[in-house]
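Chemist: A predicted structure for the sequence below; I have some questions about it.
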Amino acid sequence: MLDRPYDFFVRYHWTWDGEAELPITSSHITLTYSLLKQGVALGFGALCSPGVYGIHITTDASAVANRTFSYVIVGGGTAGLTVASRLAENPAISVLVIEAGPDAQNDTLVNDPGQSITVPYVYDWKYNTTAQTAGGSILAMTQGKVLGGSSSINGMCWTRATIDQYDSLERLGNPGWNFKSLLSYMKKAEYYHLPSPEQVSLGATVIPSVHGYEGDVNAGFPQPYEATVAAGKLVTAAMAAIPGLAHNLDVASGVPNGAARFQYSIKPGNNTVISPNGNTRSSSANAHIYPSLQNKPNLIILTEHQATSLVWAEGSQPLSKASGVKFIQAPIPNAVPGPEFAVGIEKEAIVAAGAIGSPRFLELSGVGDSRVLQNVGIPVKIDLPAVGTNLQDQALNTVVYGVPADTPTSEYTAVNAPFTPAVAFVDVEQMLGVDAARTAGKELRKSIPTRADDIVASGAFTSKQGLIKILQIQAESIFDYKAPVVEYSFAVSQPALGSQLIGAAIWNLIPQWRGTVHIQSSNPTVHPEIDPRFFTGSDIDLYIKGNASQLGRKIFNTSPLKEYTVGEIMPGVAAVPDGASDTQWQDNVISTYNAVLHPIGTVAMLPRENGGAVGPDLVVYGTSNVRVVDSSIIPIQLSAHLSSSVYGIAEKAADMIKSSAGQ
Ligand SMILES: Cc1cc2nc3c(=O)[nH]c(=O)nc-3n(C[C@H](O)[C@H](O)[C@H](O)COP(=O)(O)OP(=O)(O)OC[C@H]3O[C@@H](n4cnc5c(N)ncnc54)[C@H](O)[C@@H]3O)c2cc1C
């Protein structure tokens with residue numbers, strides 16, 4: 001049971017009960033698979049000849065069991081489907097994707113951006129954290145469990161991190177992983193819709209050169225433009241309330257600092273009702289799979305099945321080679337697992353199960369910290385202690401206000417559009433003031449060795465020298481490059497809420513804490529133990545967060561918002577009176593925060609001796625043909641929503657995989 005209402009988009013504790021179950025209304029494509037049913041019963045059959053499947057998406061394990069594929073991809077999410085689609089461009093190879101969630105191709109809950117407030121509760125793994133040291137609460141760690149993964153349930157906000165943050169991947173020991181390279185791949189992924197003159201007149205701005213126009217993932221501004229009146233006031237008030245905060249032309253440019261109207265991973269429409277002509281979510285499934293699947297007979301997707309472990313080839317030392325993947329029907333948590341199936345791998349296993357799912361799958365396969373594996377009785381294949389460490393998620397609180405009763409609903413309600421019409425990315429000097437920021441910077445830098453010791457001792461990182469380097473780079477990012485440390489994700493109502501509310505989710509973008517995700521049983525249906533250790537590690541995170549919440553109240557009490565709001569609902573003056581001390585604000589943060597749901601870093605791309613689990617080729621250390629491609633490889637947190645970066649990583653990975661196979 002959660003101690004706090006789950007509130008990612010309903011991060012406002014308003015009307016939705018996060019424990020409620022909604023019916024899943026997915027449709028499953030069922031097509032003929034008689035050819036495959038003739039597969040070999042024992043052992044893996046011969047390599048599947050591309051073009052013979054006659055099916056594309058199925059829930060029937062017997063359609064694929066005991067067959068061998070060139071590539072098997074674990075997880076049909078944001079990264080997994082991107083890689084699958086790119087690899088399947090070569091008709092000479094075969095690709096199987098195993099996805100635990102259902103295919104929700106025709107579900108308006110997923111496709112209508114106007115329902116993004118409720119969809120995360122439905123297609124969700126329903127993971128929880130452990131009771132957190134800071135505040136004692138168990139928090140929801142929602143992650144997409146559906147074809148498209150988290151891109152099918154996310155808020156669609158389309159932003160990118162700072163240039164220095166992408167360049168720091170290279171500085172941490174990953175040649176070729178820098179802003180220039182990643183921007184080219186993020187652009188490759190993108191099919192951008194430039195704003196119309198009407199949208200520009202209503203506040204949409206863009207830097208056309210930072211976008212791509214030939215990819216599959218649609219991005220842009222909704223049409224018609226959502227909740228324009230409230231959004232304009234939010235941007236104006238944020239700039240008036242936060243000294244030095246300017247308007248940002250494009251938060252996806254590599255310079256996110258500033259206030260702006262949000263852009264999204266949507267296909268803009270031309271009416272306000274979800275339909276072929278309405279605004280539509282551009283998930284990895286909508287982008288990479290449905291439009292082109294018929295042209296890729298060499299790609300097959302098995303949904304509603306959970307991959308449970310890798311099968312290892314005999315005698316493949318010193319590097320272990322995966323020869324197959326085992327899987328079961330998508331299980332009920334904590335149940336006795338159902339019958340096990342397996343498929344063979346000719347070339348590579350690509351693990352794309354996300355920042356929670358990928359370390360979980362590797363550990364179940366015998367790849368991880370030998371102590372963790374032995375504790376649950378899993379034979380150790382590769383002792384790789386970095387797996388499941390370095391978990392980094394952000395933490396948020398909300399401010400919520402009512403709007404006057406006579407305000408036209410259209411002004412503050414996002415219909416067929418995401419409900420976060422505006423954003424402010426704020427740097428440390430804008431947040432704390434120049435002098436306080438300098439002092440905080442000195443203290444943070446001085447404390448790096450001690451903090452590295454503490455985190456390594458807690459088991460949340462494996463290399464002191466590696467962590468020191470990371471913490472130094474993070475300090476440079478915050479204090480020298482002025483990467484934003486706080487995001488105000490401004491929100492309006494959606495029809496599902498039926499309430500007259502506007503507000504903001506406010507979060508630390510570059511926290512200092514580190515946590516873990518580890519399996520707690522050899523039973524693959526048992527959820528892993530997830531401990532982000534929010535607000536541990538350094539006082540600076542709470543200091544910044546307390547200030548950020550205070551500034552949140554200030555924004556909503558600054559014109560033109562001051563005249564547009566009635567009554568503070570969150571945190572509420574009863575909880576935090578006007579004139580409250582810093583400590584009161586910080587206490588409120590600790591008693592009300594939730595996870596942002598942007599976990600990263602749990603299979604980190606770093607040198608092995610510095611706490612890494614994969615190298616710059618994304619191959620798992622100690623293996624010859626197991627690659628991880630998803631948010632888990634990002635070693636340090638980004639001042640951004642993650643999906644654009646994950647698409648860029650997946651596009652780059654697909655090129656690397658093709659080139660290593662000589663394609
Ligand atoms: C509620 C929510 C809101 C968000 N909002 C935004 C936003 O507005 N903008 C933004 O840019 N980012 C947002 N993010 C973050 C972003 O969507 C994710 O970081 C990104 O999509 C992660 O991609 P991934 O490929 O790493 O994992 P995912 O897309 O989550 O894919 C992992 C897939 O693997 C599957 N899987 C896991 N384990 C197994 C297994 N053993 N066998 C088979 N399948 C398995 C999962 O079901 C899932 O489909 C949000 C995330 C969440 C959860």
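Modeler: Here it is on my side, so go on.
Chemist: any idea how far Asn397 lies from Asn594?
Modeler: Distance, Asn397 to Asn594, using Cβ to Cβ, to the nearest Å: 8 Å. (C-beta placed from N, C-alpha, C; glycine too.)
Chemist: identify the contacts common to the two.
Modeler: When Cβ atoms under 8 Å, 6 or more residues apart in numbering defines a contact, no residue borders Asn397 and Asn594 alike.
Chemist: longest strand in this structure, please.
Modeler: strand 340-351 (DSSP state E).
Chemist: mind listing what the residue of the chain found nearest the ligand touches?
Modeler: Of all residues in the chain, Gly77 sits closest to the ligand, with a separation of 1.8 Å (Cβ to the nearest ligand atom). By Cβ under 8 Å, 6+ apart, Gly77 lies in contact with 99, 144, 148-151, 284, 352-354, 630.
Chemist: just the ones of these in helices?
Modeler: Of these, the ones assigned to helices by DSSP state H are 284, 354.
Chemist: closest one of the contacts of Gly77 to Leu182?
Modeler: Proximity of the contacts of Gly77 to Leu182 was ranked by Cβ to Cβ; the top entry is Asp630 with 14.8 Å.
Chemist: thought the closest one was touching Ile350?
Modeler: No. Applying Cβ atoms under 8 Å as the test, Asp630 and Ile350 come out as separate, 9.3 Å apart.
Chemist: neighbour-wise, which of these two wins?
Modeler: Asp630 (33 against 30; other Cβ atoms under 10 Å).
Chemist: would you turn the contacts of Gly77 into a markdown table with distance to Asp617 and pLDDT?
Modeler: Supplementary listing: the contacts of Gly77 in a markdown table, determined by distance: Cβ to Cβ, whole Å; pLDDT from 0 to 100:
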| residue | distance to Asp617 | pLDDT |
| --- | --- | --- |
| Glu99 | 25 | 98 |
| Gly144 | 26 | 98 |
| Gly148 | 26 | 98 |
| Gly149 | 23 | 98 |
| Ser150 | 24 | 98 |
| Ser151 | 24 | 98 |
| Ser284 | 22 | 98 |
| Ala352 | 15 | 99 |
| Ala353 | 19 | 99 |
| Gly354 | 20 | 98 |
| Asp630 | 15 | 99 |
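Chemist: just the helices in the stretch 201-350 of the chain please.
Modeler: Using DSSP state H, counting those that start in this stretch, the helices of the stretch 201-350 of the chain run over residues 228-241, 284.
Chemist: with mean neighbour count and distance to the ligand added, can I get the ones you listed in JSON lines?
Modeler: Converted to JSON lines, the helices of the stretch 201-350 of the chain look like this (neighbours: other Cβ atoms under 10 Å; distance: least, Cβ to the nearest ligand atom, whole Å):
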{"stretch": "helix 228-241", "mean neighbour count": "22", "distance to the ligand": "16"}
{"stretch": "helix 284", "mean neighbour count": "33", "distance to the ligand": "7"}
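Chemist: in CSV: these, plus distance to Leu362.
Modeler: Compiled in CSV, the helices of the stretch 201-350 of the chain are given as follows (distance: least, Cβ to Cβ, whole Å):
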stretch, distance to Leu362
helix 228-241, 42
helix 284, 22
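Chemist: which among the ones you listed is found nearest to Asp480?
Modeler: Nearest to Asp480, of the helices of the stretch 201-350 of the chain and by Cβ to Cβ, is helix 228-241 at 24.1 Å.
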